[in-house]
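Novice: Here's my sequence, what's the structure:
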Amino acid sequence: MSFYSLVRDYVNNIADSKANKIQAEWVAPSLVNNWAQVEGKTVGYRKDDFGRVWFKGTINGGTVGSECFVLPASHSPTQEVSFTVRANTGTARVIISSTLNAVYIYGSNDNVVLDAISFPTN
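Specialist: Numbers count the residues shown, from 1 in each chain. Model prediction:
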């Protein structure tokens, strides 16, 4: 067996064991406190093989400063995390509690974009 073949096989074995070729399905959260999904901007979250949680979608209409949905404990951040994200009327602050597993939104409730949010879990 050639050196090239050995290296190729080694790299392929590492790639197969480290990355899931099929990502976890998106989970649609149960929105509360009058938060609603914007039509065509599906709201969801998922956890990858590396322990990071990813959000997608756009929400609006909820009570500012209120919980918009709760994550399962397995998707809790290692510590409270906060993100400034786009909203139709400027920006909004999204805070994910590490103890309550809850997602809160402050600032704006008009078309809050969740797509840029990602964080490590316990």
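
Novice: Checking residue 98 next. Helix, strand or coil?
Specialist: When classified by DSSP: H, G, I helix; E, B strand; the rest coil, residue 98 comes out as coil.

Novice: That one touches residue 78, doesn't it?
Specialist: Yes: contact status for residue 98 versus residue 78: in contact at 6.6 Å, counting by C-beta atoms under 8 Å. Using the backbone N, CA and C atoms, a C-beta is placed for each residue, glycine as well.

Novice: Between the two, point out the one with more neighbours.
Specialist: Between residue 98 and residue 78, counted using other C-beta atoms under 10 Å, the more crowded position is residue 98 (15 against 11).

Novice: Tell me which residues touch that one, please.
Specialist: Residues near residue 98 by C-beta atoms under 8 Å, 6 or more residues apart in numbering: 76-81.

Novice: Swap in 6 Å and give it another go.
Specialist: By C-beta atoms under 6 Å, 6 or more residues apart in numbering, residue 98 lies in contact with 76-77, 79-80.

Novice: repeat for residue 105
Specialist: 68, 92, 94, 112.

Novice: can you give me the strands in the chain?
Specialist: 36-37, 44-47, 52-56, 58-60, 67-70, 81-87, 90-96, 102-106, 112-113, 118-120 (DSSP state E).

Novice: nearest to residue 30, of those?
Specialist: When the strands of the chain are compared by C-beta to C-beta, strand 67-70 sits nearest residue 30, at 6.1 Å.

Novice: Just checking: what are the partner strands of the closest one?
Specialist: When sheet partners are counted by DSSP bridges, strand 67-70 sits next to strand 102-106 (antiparallel).

Novice: now the strand it pairs with and strand 52-56, what's the angle there?
Specialist: With axes from the mean of the first three to the mean of the last three C-alpha atoms, to 10 degrees applied, the angle from strand 102-106 to strand 52-56 works out at 50 degrees.
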